[in-house]
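Asker: Predicted model and sequence follow; I will ask about them next.
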Amino acid sequence: MNLNELNQSQREAVVYKDGPSLVIAGAGSGKTRVLTYKIAYLIESGYNPWNILALTFTNKAAKEMRVRIASQVGNDVASCLWMGTFHSVFSRILRQESQYVGFSSDFTIYDAQDSKSLIKSIIKEMQLDDKTYRPGSVAGRISNAKNRLILPDAYRSDRQIYDSDVHSQMPLIGEIYQRYWNRCRQSNVMDFDDLLLYTWVLFSKNQDLLRKYEEKFRFVLVDEYQDTNYAQHQIIWLLTQHNRCVAVVGDDAQSIYSFRGANIDNILRFQELYKGARLFKLEENYRSTQTIVQAANSLIHHNSRQIHKDVYSRKDMGEKISLLETYSDIDEATSVIRCVREFHRNERIPYSQMAILYRTNAQSRPFEEAMRKSSIPYIIFGGLSFYQRKEIKDVLAYFRLSVNHHDEEALKRIINYPARGIGQTTLDKVFTTAGIRGVSPWDILKDPASIDVNAGIRNRIASFTSLIESFADNVHETDAYTVACDIVRRSGIQLDINSGHDPEDISRKENLQELLDGIAAFVDEHRESGQDALLHDYLQEVSLLSDIDQGDSVGDDRLTLMTVHSAKGLEFRVVFVVGMEETLFPSQMSSDTMRGLEEERRLFYVAITRAQEYLLLSNARSRFRFGKTEICKPSRFLREIDPRFIQRVNGKGRGQVSNPVQSGLDVRRFKKIAHTPPAPASASEPAHVSSMPSSVQKSSTTELCAGTRIMHERFGFGTVTAVTGHGMDTKATVVFDNVGQKQLLLRFAKFRVV
């Protein structure tokens, strides 16, 4: 092992082994390198590999570290390390000591779906309403309790917990938790949270056993310590409080998982808990340009609860960060995707080395549509394409069945969603009878007497067909948005999705709202261009988007789309962080408290530090939300970045600067253009407006002629090339700077002459 391969800070952190140490590793500073070298150094210093415990958060991280260590000390030695994720290492210990916690060594492990299924069964046995006691929400509360090391008896006797459950209209969660706990023990089963909880029970209730493992693990190392929860923190403390040979590595500035139970206090207070612990700071960033690193520093310094460090880079200054203010969400998506094409064409940067990061999954929709129209291959990292998400496919299936009652796949998908007591056995009978008679399943459903089911099920079938037919009454006359909202409400989907409050439920709500907003925008745009905007028109357009295969034909060179949370630990030459607006980033739900706001700021810090060379931040002045155009204020985080590192770029139309991404200029020139954007919306402006931003008012059609410049509510600036028709049928052909040519029916168009 050659310690000269390390910089001075890394080397000091590696060789210190005389007590507890905290290594604060800034973004791109070689954290994994330090961990692997430290383990190799410990082995060279006389530690047996089986006396070293190294804990990570992902199997990928553990595998990468093991490979690197093997290159230093050999495969045979590396294979003797106790290294892996918290759950894998603790399950190994529990199998060896299972009798101490009342299990046999062959216990099985439930995944999240297994746990939810058992909880669902218990809710049913207790004759509780699963619309109130949603299995996912109940499972989340039980998981949170276990990660806080609260056993069922303690949970049921805690008045504060009970009051919280009552407030959530679920006062019997304590009883469900107790039954779930008992059933798991009877079945010799642990869930993922139990692997932590029972390890804590094992060590805290059996002092002789704890001493055995204290002696066994002479040195403990923990990766990503800022992401540890209370249970993980307590187990590490039990194992190391006496010998104090512990090294934790992490970055408080990248603590972004509180919704999973991560507690930033674990890393902030490490030196208080381990008196005399050494602090090492890895401050040299090997990933990004000086500009990106210094901009990130200027942002994160606004957090009060942090371990101060000055991250720096020896790379070139690089280009300034580009701030692109757009006029609408559609303008933002189009502008960003065109910029992607410019980087790809002019800078020869592969799509795979670029990423679009957003705060919520729902934001992917307009970017996906823009990329498909531009034939840019892409991949959704850590998630599904917008139109492949379950809640979206469910709603679209209702739309399809309302337009075409004989759509078998749509029927199978939603006949019992939300649950209405029409099970698979009944559905099998329907399809079997339809096959025998040579008709569609819908024809059989319309004649339920022909199915061998009881009267109760026949009534449920009749109610279902009546519901679908009532939707069909409007699909040929009423606009797609109005019909869609009616279907989502009366089908029960809206109630089902809105009844949950877990992060997964919130994401489903956001996706549903984004779908409805997209339909509203579709109706608006089609009305303006004089086209039909009925539900079947929308389905025809969206089917072309959702059916495009992004598979093997595009190879590996694909643009990456992901949430900022998913991007942690990754890096790209070019990063776009989109949707930089108040209530979006920072999230409205997370910015009510200082603690929440500081985590949002850390999340933005993570987004910035994913970029190696180029970083573009974008925001929209208006977004379509809840069927209306909403004025958006730029994110406060944009003002917190030192302005020395930012250059502002705009689209055409303000008479001073043309958008180089659209005008054919190369990316180098694009990044060098600076211009102050329009003033942000004032705080006094309404949160929602029914038609358009106050700056975009409908103008008299007599003002229009070829060559007139206009500013449109959603498409931004454009030039009129022709005006045709008379009276109510007058249309204008407009070439917009960002979105190309559109034809506007002027009685519906929302624009002003500039």
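Answerer: Great, that's in hand. Quick caveat, the model's predicted, so the values are computed rather than measured. Numbering: from 1, shown residues only.

Asker: Any buried residues in the lengthiest helix in the chain, and which?
Answerer: Criterion DSSP state H: the longest helix present in the chain is helix 503-528. For helix 503-528, burial by neighbour count (16 or more other CB atoms under 10 Å) applies to 505-528. All C-beta spots, glycine's among them, are computed from the backbone N, C-alpha and C.

Asker: where does the chain dip in pLDDT?
Answerer: Within the chain, the ranges that satisfy pLDDT under 70 run 1, 383, 543-555, 627, 650-702.

Asker: tell me, what residue is most central in it?
Answerer: Thr563 (4.2 Å; CA atoms, centre = their mean).

Asker: contacting residues for that residue?
Answerer: 357-361, 382-383 (CB atoms under 8 Å, 6 or more residues apart in numbering).

Asker: Quickly note the distance from Val578 to Trp442.
Answerer: 42 Å (CB to CB, to the nearest Å).

Asker: Tell me which of those two has more neighbours.
Answerer: Per other CB atoms under 10 Å, whichever of Val578 and Trp442 has more neighbours is Val578, with 29 against 18.

Asker: quick one: the nearest residue to that one once chain neighbours are set aside and Lys320, what's the gap?
Answerer: Residue nearest to Val578 in three dimensions, not counting chain neighbours: Ser618, with 4.9 Å by CB to CB, 6 or more residues apart in numbering. Noted for Ser618: a distance of 15 Å to Lys320, by CB to CB.

Asker: Quick one: classify Arg323 as helix, strand or coil.
Answerer: Quick fix: residue 323 reads Leu, not Arg. Assigned with DSSP: H, G, I helix; E, B strand; the rest coil, Leu323 falls in the strand class.

Asker: sec struct for Ser29, please.
Answerer: The assignment at Ser29 comes out as coil when based on three-state DSSP.

Asker: That one is in contact with Glu283, isn't it?
Answerer: Yes. With contact defined as CB atoms under 8 Å, Ser29 reaches Glu283; the gap is 6.6 Å.

Asker: The two: which has the busier surroundings?
Answerer: Legend: neighbour count by other CB under 10 Å for Ser29 and Glu283, higher for Ser29 (25 against 18).

Asker: now that one: how far from Gly136?
Answerer: Separation of Ser29 from Gly136 (CB to CB): 38 Å.

Asker: same deal with Val201?
Answerer: Going from Val201 to Gly136 by CB to CB gives 26 Å.

Asker: and what of Leu22?
Answerer: Taking CB to CB, one finds Leu22 at 36 Å from Gly136.

Asker: Name the residue in the two with the higher neighbour count.
Answerer: Neighbour count, other CB under 10 Å: between Leu22 and Gly136, Leu22 has more, with 23 against 15.

Asker: OK, contacts around the more buried one?
Answerer: By CB under 8 Å, 6+ apart, the neighbours of Leu22 are 225, 247-248, 267, 270-271, 274, 277-280.

Asker: Repeat the analysis, applying 6 Å as the threshold.
Answerer: 248, 270, 277, 279 (CB atoms under 6 Å, 6 or more residues apart in numbering).

Asker: And for Glu284, the neighbour number?
Answerer: For Glu284, the neighbour count with other CB under 10 Å is 18.

Asker: does it have beta-bridge partners, and which?
Answerer: For Glu284, the beta-bridge partners under DSSP bridges are Tyr312.

Asker: Compute the distance between it and Pro377, please.
Answerer: In this view, Glu284 and Pro377 are 35 Å apart by CB to CB.

Asker: Tell me where the stretch 601-750 of the chain has strands.
Answerer: 611-620, 622-625, 628-631, 646-649, 709-712, 716-724, 731-736, 740-745 (DSSP state E, counting those that start in this stretch).

Asker: deepest of those strands, which one?
Answerer: Greatest average neighbour count among those goes to strand 611-620 (a mean of 25), per mean count of other CB atoms under 10 Å.

Asker: Kindly indicate which of the contacts of Leu22 lies nearest His167.
Answerer: Phe270 (34.2 Å; CB to CB).

Asker: I'd like to know how many residues surround that closest one.
Answerer: Phe270, neighbours per other CB under 10 Å, totals 22.

Asker: so which strand or helix has the closest residue to it other than its chain neighbours?
Answerer: The spatial neighbour of Phe270 that comes closest, neighbours along the chain excluded (CB to CB, 6+ apart), is Leu22 at 4.8 Å. With secondary structure defined by DSSP states H and E, Leu22 is part of strand 21-25.

Asker: relative to strand 21-25, how tilted is the helix or strand that comes right after that strand?
Answerer: Scanning forward in sequence from strand 21-25 by DSSP H and E, the next helix or strand is helix 31-44. Inter-element angle recorded for helix 31-44 and strand 21-25: 150 degrees (by axes from the mean of the first three to the mean of the last three CA atoms, to 10 degrees).

Asker: So what touches helix 31-44?
Answerer: For helix 31-44, the external contacting residues (CB under 6 Å, 6+ apart) are 1, 10, 13-14, 25, 49, 52, 65, 68-69, 72-73, 219, 249.

Asker: Out of these, which is nearest to Asp452?
Answerer: Met65 (60.9 Å).

Asker: how about the closest one, phi and psi?
Answerer: Phi and psi for Met65, reported as degrees, to the nearest 10, are phi -70, psi -40.

Asker: ditto for the one 3 residues further on
Answerer: For Arg68, the backbone dihedrals (degrees, to the nearest 10) come out as phi -70, psi -40.

Asker: ok, now which ones touch it?
Answerer: Thr36.

Asker: ok, so what distance separates it from Leu3?
Answerer: From Arg68 to Leu3 the distance is 15 Å (CB to CB).

Asker: Likewise for Glu175?
Answerer: Where Leu3 is concerned, Glu175 sits at a distance of 58 Å (CB to CB).

Asker: Looking at these two, which is more packed in?
Answerer: Under the neighbour definition other CB under 10 Å, Glu175 and Leu3 were set side by side, and Glu175 has more, 15 against 12.

Asker: Which helix or strand contains that one?
Answerer: Secondary structure from DSSP H and E places Glu175 in helix 173-186.

Asker: Just the buried positions in that helix, please.
Answerer: So, applying 16+ other CB under 10 Å, buried residues of helix 173-186: 173-174, 176-181, 184.

Asker: next one: stretch 440-457
Answerer: 440-445, 448, 451, 453, 457.

Asker: so how far is it off the chain centroid?
Answerer: The chain centre lies 42 Å from the centre of stretch 440-457; the measure is CA atoms, centre = their mean, to the nearest Å.

Asker: And stretch 288-301, by the same measure?
Answerer: 24 Å.

Asker: circling back to that earlier point, export the contacts of Thr563 to JSON lines and append columns for distance to Tyr155, secondary structure and neighbour count.
Answerer: Below are those laid out as JSON lines (distance: CB to CB, whole Å; DSSP: H, G, I helix; E, B strand; the rest coil; neighbours: other CB atoms under 10 Å):
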{"residue": "Leu357", "distance to Tyr155": "38", "secondary structure": "strand", "neighbour count": "30"}
{"residue": "Tyr358", "distance to Tyr155": "37", "secondary structure": "strand", "neighbour count": "22"}
{"residue": "Arg359", "distance to Tyr155": "33", "secondary structure": "coil", "neighbour count": "25"}
{"residue": "Thr360", "distance to Tyr155": "32", "secondary structure": "coil", "neighbour count": "18"}
{"residue": "Asn361", "distance to Tyr155": "32", "secondary structure": "helix", "neighbour count": "23"}
{"residue": "Gly382", "distance to Tyr155": "32", "secondary structure": "coil", "neighbour count": "13"}
{"residue": "Gly383", "distance to Tyr155": "33", "secondary structure": "coil", "neighbour count": "16"}
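
Asker: Name the pair among those with the greatest separation in space.
Answerer: Arg359 and Gly382 (14.3 Å).

Asker: quick one: the nearest residue to Asp158 once chain neighbours are set aside and Arg141, what's the gap?
Answerer: Excluding the flanking residues, the one nearest Asp158 by CB to CB, 6+ apart is Ile150, at 7.3 Å. Ile150 sits 10 Å away from Arg141, taking CB to CB as the criterion.
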